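J.: my questions are about this predicted structure, shown below with the sequence.
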Amino acid sequence: MHRGNYVLRRVGAALLTMFVAVSLNFVLFRALPGSAVTNLSHVPNATPALRAALTREFGLNRSLGSQYVLYLWQLLHLNLGVSYFNQQPVFSNLVTALGNTVPMVLLGTVFSIIFGVLTGVVAAWRRGTPSEHVSVIPALGFYAMPVQWLGLMLIIVFGSVLPTSGRSNPFLINPTPIQHLTDVLEHMILPSLTLGLVLYGQYTLIVRSAMLETLGEDYVLTAKAIGYSNGRIIRRYAFRNAMLPIVSVIALSLGFIVGGAILVETVFNWPGIGLAVYQALLERDYPMLQGAFLLLSVSVIFFNLLADLVYFKLDPRIG
Amino acid sequence: MLSAQPALPVAEQDAAADLSPSPLRELWGSVRGSPSGMTGLIVLVILILLAIAAPLVAPYPPNTQVGAPFSPPSVHHLLGLDDGGYDVLSLLIYGLRVSLLVGFAATFIASVVGTLIGVVAGYFGGLVDSILMRITDYFLVVPLLPLMIVVADLWGSSLVHIIVVIGALSWTMTAIVIRAQARTLRERVFIRRSQALGASDVRVITRHLLPQVMPLVVANTVLNISYAIFTETALSFLGLGDPVQVSLGTMIEHAFLRAAISAGAWWAVIPPGALVAIIVVACSLLGRTIEDSLNPRLRTAYLSVRSFRMRSAEQARARARQARTQSGGGDVDSPS
Amino acid sequence: MNRKSLILAALLPAAALLAACGSSSAGSSSGGTTELAVGVMSQFQNPNPFNAFSIMDYDVEDLEYPYLVQYNADDQIAPDLAKSWSTSDGGKVWTFHLVPNAKWSDGKPLTSADVAFTWDTILKYVKGPTALDAENVTDLLSVKATNPTTVVFTYSAPLASVLTYINNTSILPEHIWAKYATGNGAQLKTFGNKPPIVSGGPYIPEQWNGTTTLILKRNPNWYGPKPAASEVVIEYYTTPDGLIQALKSGQIDYANAIPQSSASVVHNDGLIVDEYPSVQYLDLFFNMDHPNSSAILDPTLRHALNYAVDRSQIISVAYPGSQPGESIVTPAAQDWDPAVKPPAFDLAKANQMLNQAGYKMGSGGVRVAPDGKKLAFTVIFDNGLGGAGQRAFQILQSDFAKVGVQLNLKTLDTTAFLAAMFGSNNSYTGWDMAMETDAGLLDPGYDLAYFTCADFGSYNFSGYCSAHYDQLYLEQAAATNPTVRRQIADQLQVYADQQLPALTLLYTSTVDVHQHGWTGFGGNPYGALNPMSQVTFETIHKG
C-alpha cells in the first residue's frame, strides 16, 4: 500500500542515517590526538608505569578495527563506555543529566509555544496596525539575541531576586517535598525563561505567515461575507492551517531537547546534559562527549522521523 | 529526511509565480518599497562600513592595556574597560569586523555549495537527486560541536577553521530550499522550450534557472549570515573560538569567565550581545522582506480573489527547518 | 607562606576549646551543629582514591582518610597518624610509631595492619590498578607491621623525599578494601567507594549528590583534636560569578582557590581575602631537543629574550597578584633560591645582545640568523590557559617584535598540546617554544625533576637533557641531610638559570576568601582546603 510504503521507506532511511551517525561519532573521536592516557597521566606524581597501565585499561593498545567492533557491540548493550574523569558509566551519567534537563527545557518550550502562538495570531489578525509591530518586533528582537548573552542579561536584572545558579539550594538541609519542589521551581524560572524568550519568536513568525496565507483564501472571504465572527474564522480556518508547520517545528525541536541547551545550562549552572557536555568539553572527557553526541544525533534523527510521519499523517498528499 | 518526490503537474503551479525577465531588479524594487527591509539593509550597510573602517574609527588599538581592568565608562572610554584593561568600544568595533567576516565568509561557502547542489539536484531529478539528497541528509546529522572539537584539536581553532566548519555544515539548509525551488521552476514552459531547441543542460541552468533562483538564494544567504554569526558566538563561548582574535563571541566569553557580572562591569557584557542582536535583526528584516516578496500571496491577504493551492509539503518543512535553525542553530544552541 | 604561622601556632591548643564563639554567619548553628559551607571550583568526581584526578578528589581524600604525616601551618612535615619516626641503616629504613588506640569511624581499630595492607596493595598492583601511586613506592622494598603501633619501611637506597611520598598516600581500612585487593586487582578501581563511607580522618563523607554537593560530618572517632565545624558542605561552582555571588549573599562561608582576577572583585564586600604563593608557574619553554629553528639552541638568544619579557605588565594585565619568576623552583616550594632573580625588562639591552650575537635586522623588522634563517618561531599554546594566557602571549608577542623576533602562534587544547609538544616517540619536533603553566609540590624534587632526561614525555616540557644536571639531581634526591640538600638544590637552580631551558614568567597565587564570622584560616599553596594537611580544620572556628 502506498501509505505503508512511505512509512517503511522513511523508517529505513532513518535507520541508515542513524548507523552513519554512530560510525561518524566513532571516527570523529578517534581522530583526536592524544587520549585518556595523555590527560589522565598528567598528575603531579605520574610515571611511565601509570601511562602503560592506563593504556591497557582503556583498550587503547588494540587495533582501530577491533575498537570499532567493540564500540558497536557495546552500543547494542547500551554501554557507552566509562567517563575518563569520574570512572562511572557514561550511560548513567547521561540519564541522570537528562532527567534534570527535560523539565527545565519543557517549561521553556511550553512558554515559547503558548506565547509565540498568541503573538503570532495577534500579528496576523491585526496586520498593518501597531499591534502587529508590538507583537513582531520584540519576537524578532529576543530571537536575535545570543542565548548565553540573554541569560547573562537576566542574571544582571533578576540576580538579586531569583536564584541564578544550580538546580536547588545546597544549603537547604532536609527539606520537605513541598519545600524542595518550590526550591527547584524557583531555580528553574530564569533558565526556562531564557530559553522561552529566544524560542518564542520562531513560533510567532510561523503562525503569522501561515495565518496570513490562509486569511487570503477565498473561503475566508466567504466566511466573512456570511457573517461568521472573527474569532470563529481564526479558530476554524486560519489557525488550522498554521497547525501543520507548528507541529512540524515542535517535533523537530524535540530532537534538540536532548542537546539540553548547552549554553543556557552553562550560564545558569543547571546540572543537565548541556552542562555535562560543557564540562566534558573542558576536560576533553571523550567517552562522555562521544556518548552525549551519540544521544543527541540519535534523538535528532528520531524526532525528524517523527516529524515526517506526523506530517504525513496530517497531509497524506506527500506520499 | 527528504526522499525523491514525484513532480507536481504543471497546471497546478502558481499562476501568480510567473517568471520575470529580471528577478533581481524586481527584488530590489520590493526591498526598496518595504520600510522594514530598507531599515535592515541600511543598518547592515552602516555596520559593514564601520567594520571596514575599524582602524580609523576605533579610538584605541584593541590589544593594548589603557587602564585598570573593569574601569567604568568615562569620557575617555565611552564603554569602559574590560577584564584586561582594554577599551571596550574599540574591542567592539574590531570584534564586529571579525564577526562579520566569519558571517560573510562562512555563508558564502554555504551559499555557493548549497546553491550548486540544490540546483543540480532539483534540475536533474531522479538518481542524481536521490544521491545528492542522501548526502545532504548525512551532512545534516554531523553534529557541529564534535566536529569543531576535532578540528580544533587537530589543527587548532583559527578563524579559517571556524569559517570552514560552519560553512561545511550549513550548506545543507540552502541546498534543501534551493532544490525545492529548482524543482518547481524546472517545469516552466520556457525551460522546456529551451531544451527542445537543443540548449545544453549547463546553458539552461546558468542562463535560465539560476537567475530565477537568485532571489531565493539572496534571501537564504542573508538569513544564513545571522545563523553563522550566532554559531560563532556559541563556539567562542564554549572555548572553541580563535583565542588570538577579538570577536563579539569572545568578548561575551571573556566577560563570563572573568566574572564581569560579579564585578558589576555590565559594560563588558551588554554591548557585544546587543550588537549581535542588532546584526541578526537587520539580517532578518532584510531576509524576510525578500522572502515575502517572492510570495505574493502574503501581499494580498485580504483582497485575494484567486485560489492558491497549499504550498508543497517540502517547502513548508524546509521553511520550518530554516526557522528552527535560525533560532540558534543545530545542536549547539538547542533546543530550537 | 609563613604569615599566619606564629598566630596559628599559638591558637592551635586553644582552638579545640573555642567552639562556637560569636554571632551567626552563613553556616547554620542550629541545634548544636556548626556548619561550614565551602565553595570550590574544582569538582569532586572520584571517591575512590585509586581514581583520584581533580584537586578536590585529593582534598576530600585528605579529610576522610588518615595519613602518617602531614604538613603543618609552617609547611613543614609534622606528625599525623604517626606521632614519631626515626631512620636507620643510612636512611634506608624508616620506623614509624603510630598513635595508640586509634579507631575508624565504624569503631574498628586503626592499626599498623591497615598501614601495611595499604602499602602492600600498592606495591602488589603497581603495574596496573595502583599505578597512580607508582611514584610513592620508589625504591620501596617492603612495609612491615611489627606491632599494632609500629610500621617499618625498608628502601633499597636512601631517598630525600620519603616523607613527601608518605604524605601523598592515604591509609585505607583493610576491613573494607581487602576483598577488592584480590586477583588482578581490577576491582580496586571499579569499587565506587561512594559516600557514606568508613572514614579514619577528621570528617566522614555522608551524602553526595554525584555532581555538585558533598556533605561531610565530623568523625567522632578521629584520633586528632576535635574540629570546630561539626559539618562541612562542599559545593562545586562551575563559574567564578556563581561562586562570588554565593559568597556575597552569605550562602557560603569560605571559597577555596578563586581565580586570581576575581580577588579585586571581592575586596570591597567585607570579605576577608587571603593570598598564598602557589606552586604553579607560567613558563615559556624553549625546545632544547629538535626545534624548528636552530637559533633557539643559542644560549645568547635565550638570554637576550629574557630581557624582552615585561613581567610586571603580564602580571598586571593577566595574572594580578602573582610574583615575577625566574627560578625553576617556586618560592612556595622548599629550597627555593631567592638569589636567582629575573633580569630587568630592558628592550635596549635585548637588542644590543642580539646585535652582538650576529642576528642582523632583516626586512619586515625580523632579524636574520647568520645561517640566513629568519627569527620567526612557532609557539604552541595550551588553550586551557584561557583568556589570561592569551593576553600574556599577546604582550610577549608585541615585545619580542620590538627586538626583531617574530612569534607565530599555534593554539591547541591541552591534550593535543601535550601530544604536539612531545611529538612521536618523545622526539620533541615541530615547534620552537611552548607556553604553559606547570606545578610541582612543596618538595622541590618535583620542580627540579622536570628538567631531567628521565622526564621526557612526562613533565619535561623543554626536551632538556644534560648529564651534569641529571647527576646533580640524583645527588639531591639522595641527600637525606636537609642542609646538604638545600645546597645542591641551589646549585641546580643556578645552573638551570645559566642554561635557561625555559623563561619562568611568573609564579601564581592561590586566593582564598572567607566571611568575617569565621577565623583561624591558614593555608598552603593550595589554600586552606588542600591535599596535604587538615590543619586548617583543626584551627578554624566561628567568631
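T.: The structure has been received and is ready for your questions.
J.: any low-confidence regions in chain C?
T.: By pLDDT under 70, the weakly predicted segments of chain C are C:1-31, C:268.
J.: does the residue nearest the centre of it sit in a helix, a strand or a coil?
T.: Nearest to the geometric centre of chain C sits residue C:441, at 4.5 Å (CA atoms, centre = their mean). At residue C:441 the chain is in coil, as set by DSSP: H, G, I helix; E, B strand; the rest coil.
J.: residues of chain B that sit close to chain C?
T.: Selection of chain B residues close to chain C by CB under 8 Å from any CB of the partner chain yields B:63, B:65, B:69-70, B:83-85, B:149, B:152-154, B:156-158, B:239, B:242-244, B:253-254, B:256-263. C-beta coordinates here come from the backbone N, C-alpha and C atoms, glycine included.
J.: in whichever strand or helix holds residue A:29, what's buried?
T.: Secondary-structure assignment from DSSP states H and E places residue A:29 in helix A:2-30. Across helix A:2-30, burial judged by 16 or more other CB atoms under 10 Å in any protein chain shown covers A:6-7, A:10, A:13-14, A:17-18, A:20-21, A:24-26, A:28-30.
J.: with stretch C:239-255 instead?
T.: By neighbour count on 16+ other CB under 10 Å, the buried set for stretch C:239-255 is C:239-247, C:251-255.
J.: quick one: it near chain B?
T.: Yes - counting by CB under 8 Å from any CB, contacts between stretch C:239-255 and chain B involve C:239, C:240, C:241, C:244, C:245, C:248.
J.: the lengthiest strand in chain C pairs with which strands?
T.: Counting residues, the longest strand found in chain C (DSSP state E) is strand C:272-286. Strand C:272-286 pairs in its sheet with strand C:433-439 (antiparallel), strand C:502-514 (antiparallel), by DSSP bridges.
J.: the helix holding residue A:29 close to chain C?
T.: No - Helix A:2-30 lies out of reach of chain C by CB under 8 Å from any CB, never closer than 11.8 Å.
J.: please look at residue C:138 and residue C:159 and confirm they touch.
T.: Yes - using CB atoms under 8 Å, residue C:138 makes contact with residue C:159 at a distance of 6.7 Å.
J.: which residues does stretch A:7-20 contact?
T.: By CB atoms under 8 Å, 6 or more residues apart in numbering or on different chains, the residues outside stretch A:7-20 that reach it are A:297-298, A:301-302, A:304-305, A:308-309, A:312, B:1, B:3, B:137-138, B:141.
J.: right, and the secondary structure at residue C:234 would be what?
T.: Under three-state DSSP, residue C:234 comes out as strand.
J.: now chain B, which segments are flagged as low pLDDT?
T.: For chain B, the stretches flagged by pLDDT under 70 are B:1-21, B:188-193, B:295-336.
J.: longest helix in it, please.
T.: Of all segments of type helix in chain B, defined using DSSP state H, the longest is helix B:88-124.
J.: from the residues of chain B next to chain C, which land in helices?
T.: Among those, the residues falling in helices (DSSP H) are B:149, B:152, B:153, B:154, B:253, B:254, B:256, B:257.
J.: and the third one, how far from residue A:61?
T.: For residue B:153, the distance to residue A:61 equals 21 Å [CB to CB, to the nearest Å].
J.: so who does the nearest residue to residue A:207 once chain neighbours are set aside touch?
T.: Nearest non-adjacent residue to residue A:207, counting by CB to CB, 6 or more residues apart in numbering or on different chains: residue A:120, 2.7 Å away. By CB under 8 Å, 6+ apart, the contact set of residue A:120 is A:135, A:203, A:204, A:205, A:206, A:207, A:208, A:211, A:242.
J.: the host helix or strand of residue C:395 and chain B in contact?
T.: Per DSSP H and E: residue C:395 is located in helix C:386-402. Yes - Helix C:386-402 reaches chain B (CB under 8 Å from any CB) through C:386, C:387, C:390, C:391, C:394, C:398.
J.: check which element follows that helix along the chain.
T.: Helix C:386-402 is succeeded, C-terminally, by strand C:406-412 (DSSP H and E).
J.: so what does that following strand touch, helix or strand wise?
T.: Strand C:406-412 is packed against strand C:376-382, helix C:386-402, with contacts defined by 3 or more CB pairs under 8 Å, 6 or more residues apart in numbering or on different chains; DSSP states H and E.
J.: mind redoing it with 6 Å?
T.: Where contact means 3 or more CB pairs under 6 Å, 6 or more residues apart in numbering or on different chains; DSSP states H and E, strand C:406-412 is packed against strand C:376-382.
J.: could you give the angle of the strand it packs on to strand C:406-412?
T.: 30 degrees (axes from the mean of the first three to the mean of the last three CA atoms, to 10 degrees).
J.: what pairs with strand C:376-382, and is each one parallel or antiparallel?
T.: In the sheet, strand C:376-382 lines up with strand C:406-412 (parallel), strand C:433-439 (parallel) (DSSP bridges).
J.: nearest to residue C:472, out of these?
T.: Taking CB to CB, strand C:433-439 is the member of the strands paired with strand C:376-382 nearest to residue C:472, at 20.2 Å.
J.: what's in contact with the closest one?
T.: Residues outside strand C:433-439 that contact it (CB atoms under 6 Å, 6 or more residues apart in numbering or on different chains) are C:279-280, C:282, C:284-286, C:377, C:379-382, C:393, C:421.
J.: filter the residues of chain B next to chain C down to the buried ones.
T.: With neighbours counted using 16+ other CB under 10 Å, the residues of chain B next to chain C contain these buried positions: B:63, B:65, B:69-70, B:83-85, B:149, B:152-153, B:156-158, B:239, B:242-244, B:253-254, B:256-263.
J.: residue numbers of the stretch 151-300 of chain C in contact with chain B?
T.: Contacts of the stretch 151-300 of chain C with chain B, taken as CB under 6 Å from any CB of the partner chain, map to C:240, C:241, C:244, C:261, C:262, C:265.
J.: done for today, thanks.
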